[in-house]
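[1] from the sequence below, what's the structure:
(chains A and B)
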There are 2 protein chains.
Amino acid sequence: MAQFLKVKTTDEVLSILDGIHPLPPEPVSLALACGRRFASDITAAEPVPHFARATMDGYAVRARDTFGASESLPSLLERSGEVVMGEAARLPVAPGKAVEIPTGGMLPDGADAVVMVEYTSVLDNTTIEITRPVAPGENVLKPGEDIALGETLFRKGAVLRPQDIGVLAALGIVEVEVFSVPRVALISSGDEIVPVETRHLAPGKVRDINNFSLAAQIKSAGARIGVQEMVSDRLEDLVSVCQEALKDHDVIVLSGGSSVGVRDYTTQVLAGLPESELLVHGVAIRPGKPTILGRTGKTLFWGLPGQPVSALIICQAFVLPSLRKLQGMIETEPVYARALRATLNRQLPSVHGRTEYVPVALSRGSGGAMEASPIFGKSGAISILARADGYVVIAEHVEGLDRGAEVSVFLF
Amino acid sequence: MAQFLKVKTTDEVLSILDGIHPLPPEPVSLALACGRRFASDITAAEPVPHFARATMDGYAVRARDTFGASESLPSLLERSGEVVMGEAARLPVAPGKAVEIPTGGMLPDGADAVVMVEYTSVLDNTTIEITRPVAPGENVLKPGEDIALGETLFRKGAVLRPQDIGVLAALGIVEVEVFSVPRVALISSGDEIVPVETRHLAPGKVRDINNFSLAAQIKSAGARIGVQEMVSDRLEDLVSVCQEALKDHDVIVLSGGSSVGVRDYTTQVLAGLPESELLVHGVAIRPGKPTILGRTGKTLFWGLPGQPVSALIICQAFVLPSLRKLQGMIETEPVYARALRATLNRQLPSVHGRTEYVPVALSRGSGGAMEASPIFGKSGAISILARADGYVVIAEHVEGLDRGAEVSVFLF
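    Alright, predicted model coming up:
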């Protein structure tokens, strides 16, 4: 095992993540599919609508019978029954006739347009006046005009949103093939950490923050938490917990304590697991340099820094994208899904050669534009994150950002 | 009951929603609290850290012993043991001495700074060289420097994010008082709707889209779905289902069919319920004008248009904010939580006197800036939403937006 860090750039890490294959697909019922990702393209097996529908309340007519109609010279048509909502239209519309129809009602044979009720008036039991002409197809949704038979509606890898669920419901798709959700084992380690329930903290001890904050992040990315444990910094203990976790987890996330040497422990833990491979041993990023990524068999193995702010940012920057890849994300997500633009309200120096993640708070500036204020704090302070709305990424080869620069803010 | 619509503006509706009181608070365990809202301000009952911690690996020293140190003229200090991670520092640091300390280790008495290991070198078993001076407090997090005792950390009504969970864990708060989650009864009605499972659609029938898309939206806002039913357009049936739902639901959402007259049905259903009050009967908005809001006892009653696109947009615009108010949202959420700025890539006409919600797709324009393309489609087409990334709101008194205008896009 390498004794010193050969750090990778963030781009190199992300390109390794790009190579992650999704978990196998599984069917889920439509009611539970929101937030999951399509395991295949979805095409329409039937047209929507499957019958010509009125899009307005009014009268189904032959459009040509209304040509030339105006306020001063209305067309007169014979009233000829009505279309009942939810039922097949029975009577065809003969020339010179009009059939009352509700929004969503089925257009009768013979009719090719609907005159809105606002442009009609009832003269008597048998006759209506039309004061505006309609063109053929007006106020009508033709079969397949909304969704054509065979049309590709959704692409493999896309996330199902509530409105997509609606489109699938329209097509009668009650079960959908989505990629499986990763099961994550979350292990925190360190001689200084004690359970969160600990009332009185002894000197030198801190509570186990990572097991809570990382679990919340991982669940927010749609993954499931399986094993969740706090383990001492003893190598045998860590190896044995990880070995057990390999049986039924897709990902192991081990957040190391901050003891001296624990970083090497993590690579030793990985080395102690079957079919292990070290992919990343340190990243040119701040915070979070001592990040480790490996594989053991089919299981992804993350070693995160024990420091809670670093762990959270590395989870956001790398672990969550890896979970999305396992869930079927195909390309990098559109940037607008998670970032917004703001103006930096002070200068932000950075060190050339590493990517920097800087927490920022957002507010409206005097002109109403969004302003990002960097939040500085001593290394190790966790209150920074509670005050931050998101973070700005300063790329590896940028030596800082000027006050007034437009930046992308990634929301937590 | 009023026979014609006295429509309210969207601002009037939102100010009615502002008056909604939150549901009672309840305790939840920290592990389940993500996404919920604080029912009271949270102050720190202990300082963080509770002992002086090193923020770097190195040597704990008296800062003055390093003053004047340089590469050419290093300070020489006597090595005097080490601080063990997670344990109380035992040996005080006397003048001229240095104690090895890991990041996160407890600063020994007498020491007031940490020299980073990079600026030291070991001469022999008893002596180290220091090549850079440190100031008092350098590389040390003092007690309470991260979080002060008694400091207000979170405000009532704020959403708990993963990093906030981490801060609470640091403080040993394992249970948190949050506002209860609303239980929503979701009822769809209309003579034309049939269950989603229906294989062969008879002419005039459509599947029950709203029960699926609205449920997904409501769950995404953190609320729970209780009763979920499809009911015929018969008044007695609707009243009896709603009456039953009143027993154990905080909100009833009734999406009406599109049958002629069903709008009046909804107000009649409300009128048929005990202690009912009609608050909104129509909104100057497109789509979604025939929206109804009422109360029956403590239960909120929404009547949404049956047309799926309208129902989804009204749910987004009004129902979800009402659910957030019930969950303790105090002020309007910061706009950046849900909107981003983009340039409109074509002209968008609008009608003065009503608020318009226009679905848009987002893409990167030639210069890399975000562009919003309005998605047009016939009234009633549902595929619009599957193609949209979000929507633009055109205010009531605006007569359209020009091509090139900068707009806020609210993501679905």
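[2] can you give me the strands in the stretch 301-412 of chain A?
    Counting by DSSP state E, counting those that start in this stretch, the stretch 301-412 of chain A has strands at residues A:339-344, A:355-364, A:370-374, A:390-394, A:406-411.
[3] would you format these as a markdown table with distance to A:Asn139, mean neighbour count and mean pLDDT included?
    To be clear about C-beta, it is placed using only N, CA and C from the backbone, and glycine gets the same treatment. A markdown table is the format used below for the strands of the stretch 301-412 of chain A (distance: least, CB to CB, whole Å; neighbours: other CB atoms under 10 Å in any protein chain shown; pLDDT from 0 to 100):
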| stretch | distance to A:Asn139 | mean neighbour count | mean pLDDT |
| --- | --- | --- | --- |
| strand A:339-344 | 39 | 20 | 86 |
| strand A:355-364 | 43 | 20 | 91 |
| strand A:370-374 | 42 | 22 | 92 |
| strand A:390-394 | 46 | 21 | 91 |
| strand A:406-411 | 42 | 18 | 88 |
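[4] switch those strands over to TSV; also include distance to chain B.
    Formatted as TSV, those follow (distance: least, CB to the nearest CB, whole Å):
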stretch	distance to chain B
strand A:339-344	5
strand A:355-364	5
strand A:370-374	6
strand A:390-394	9
strand A:406-411	8
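[5] the nearest residue to A:Leu348 once chain neighbours are set aside - how many residues pack around it?
    Nearest residue to A:Leu348, sequence neighbours excluded (CB to CB, 6 or more residues apart in numbering or on different chains): A:Leu401, at 4.5 Å. Other residues lying near A:Leu401 total 22 when counted by other CB atoms under 10 Å in any protein chain shown.
[6] thought A:Val407 was touching A:Leu401, still the case?
    Yes: using CB atoms under 8 Å, A:Leu401 makes contact with A:Val407 at a distance of 6.5 Å.
[7] who's in contact with the residue nearest to A:Leu348?
    A:Leu344, A:Gln347, A:Leu348, A:Ser350, A:Val392, A:Ile394, A:Val407 (CB atoms under 8 Å, 6 or more residues apart in numbering or on different chains).
[8] out of those residues, which comes closest to A:Thr291?
    Nearest to A:Thr291, judged by CB to CB, of the contacts of A:Leu401 is A:Ile394 at 17.4 Å.
[9] next one: stretch A:297-312, is it in contact with chain B?
    Yes: Stretch A:297-312 is in contact with chain B by CB under 8 Å from any CB of the partner chain, via A:Gly306, A:Gln307, A:Pro308, A:Leu312.
[10] ok, now how distant is the residue of the stretch 251-400 of chain A found nearest chain B from B:Ala169?
    Minimum separation of the stretch 251-400 of chain A from chain B (CB to the nearest CB) falls at A:Leu385, amounting to 3.6 Å. Look at A:Leu385 and B:Ala169: by CB to CB, to the nearest Å, they are 12 Å apart.
[11] name the residue most distant from the centre of chain A?
    In chain A, counting by CA atoms, centre = their mean, A:Asp124 sits farthest out from the average C-alpha position, at 56.9 Å.
[12] show me where the stretch 1-150 of chain A has strands.
    Assigned by DSSP E, counting those that start in this stretch, the stretch 1-150 of chain A shows strands spanning A:25-29, A:42-43, A:53-54, A:58-61, A:75-82, A:97-101, A:113-116, A:120-122, A:127-130, A:140-141.
[13] can you put those in JSON lines and add mean pLDDT?
    Shown next, in JSON lines, are these (pLDDT from 0 to 100):
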{"stretch": "strand A:25-29", "mean pLDDT": "98"}
{"stretch": "strand A:42-43", "mean pLDDT": "97"}
{"stretch": "strand A:53-54", "mean pLDDT": "95"}
{"stretch": "strand A:58-61", "mean pLDDT": "97"}
{"stretch": "strand A:75-82", "mean pLDDT": "95"}
{"stretch": "strand A:97-101", "mean pLDDT": "96"}
{"stretch": "strand A:113-116", "mean pLDDT": "97"}
{"stretch": "strand A:120-122", "mean pLDDT": "95"}
{"stretch": "strand A:127-130", "mean pLDDT": "97"}
{"stretch": "strand A:140-141", "mean pLDDT": "96"}
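[14] from the ones you listed, which stretch is densest packed?
    Most buried of the strands of the stretch 1-150 of chain A by mean neighbour count (mean count of other CB atoms under 10 Å in any protein chain shown) is strand A:58-61; its value is a mean of 29.
[15] which neighbouring elements make contact with that one?
    Contacts defined by 3 or more CB pairs under 8 Å, 6 or more residues apart in numbering or on different chains; DSSP states H and E place strand A:58-61 against strand A:97-101, strand A:113-116, strand A:127-130.
[16] so in that sheet, which strands flank that strand, and in what orientation?
    Its sheet considered, strand A:58-61 pairs with strand A:97-101 (antiparallel), strand A:113-116 (antiparallel) by DSSP bridges.
[17] skipping adjacent residues, who's closest to A:Ala89 in space?
    A:Ala89 sits nearest to A:Pro108 (CB to CB, 6+ apart), 3.7 Å away.
[18] now for the one you found: which residues touch it?
    With CB under 8 Å, 6+ apart, A:Pro108 has these contacts: A:Ala60, A:Val83, A:Ala89, A:Arg90, A:Leu91, A:Pro92, A:Val93, A:Val99, A:Ile101.
[19] list the contacts of the lowest-mean-pLDDT helix or strand in chain A.
    Using mean pLDDT, DSSP states H and E, helix A:262-271 stands out as the lowest-scoring helix or strand of chain A, at a mean of 81. For helix A:262-271, the surrounding residues in contact (CB under 8 Å, 6+ apart) are A:1-2, A:189-190, A:233, A:235, A:238-239, A:242, A:254, A:256, A:276, A:278, A:281, A:290, A:292, A:294, A:296, A:301, A:303, A:306.
[20] for A:Glu277, phi and psi?
    Dihedral angles of A:Glu277 (phi, psi; degrees, to the nearest 10) stand at phi -140, psi 130.
[21] what is the neighbour count of A:Phe376?
    A:Phe376: 11 neighbours (other CB under 10 Å).
[22] the one 5 residues further on now?
    Burial of A:Ala381 is recorded as 20 neighbouring residues (other CB under 10 Å).
[23] how about the contacts made by the spatially closest residue to it that is not a sequence neighbour?
    Spatial nearest neighbour of A:Ala381, excluding adjacent residues (CB to CB, 6+ apart): B:Asp146 at 4.2 Å. By CB under 8 Å, 6+ apart, the contact list for B:Asp146 reads A:Gly377, A:Lys378, A:Gly380, A:Ala381, A:Ile382, A:Ser383, B:Val48, B:Pro49.
[24] what two of those are the furthest from one another?
    Pairwise over the contacts of B:Asp146, using CB to CB, the maximum falls at A:Gly377 and B:Pro49, 12.8 Å.
[25] okay, the two: which has more neighbours?
    Applying other CB under 10 Å to A:Gly377 and B:Pro49 shows that B:Pro49 carries more neighbours, namely 26 against 17.
[26] what separation do you get for that one and A:Lys8?
    Distance, B:Pro49 to A:Lys8, using CB to CB: 32 Å.
[27] low-scoring stretches of chain A, by residue?
    Across chain A, the ranges flagged by pLDDT under 70 are A:1-5, A:257-264, A:331-338.
[28] the helices in the stretch 251-400 of chain A, which residues?
    Per DSSP state H, counting those that start in this stretch, the stretch 251-400 of chain A has helices spanning A:262-271, A:308-314, A:320-326, A:383-387. These are given in chain order.
[29] now the stretch 51-200 of chain A
    A:162-170.
[30] how about the closest residue to chain B within the stretch 201-350 of chain A, nearest residue that isn't a chain neighbour?
    Going by CB to the nearest CB, chain B is nearest to A:Ser213 of the stretch 201-350 of chain A, at 3.2 Å. By the measure of CB to CB, 6+ apart, the closest residue to A:Ser213 outside its immediate chain neighbours is B:Gly166, 3.2 Å from it.
[31] how close does that neighbour get to A:Ser188?
    For B:Gly166, the distance to A:Ser188 - CB to CB - is 12 Å.
[32] now the common contact residues for these two.
    Common contact partners of B:Gly166 and A:Ser188 (CB under 8 Å, 6+ apart): A:Asn210.
[33] done for today, thanks.
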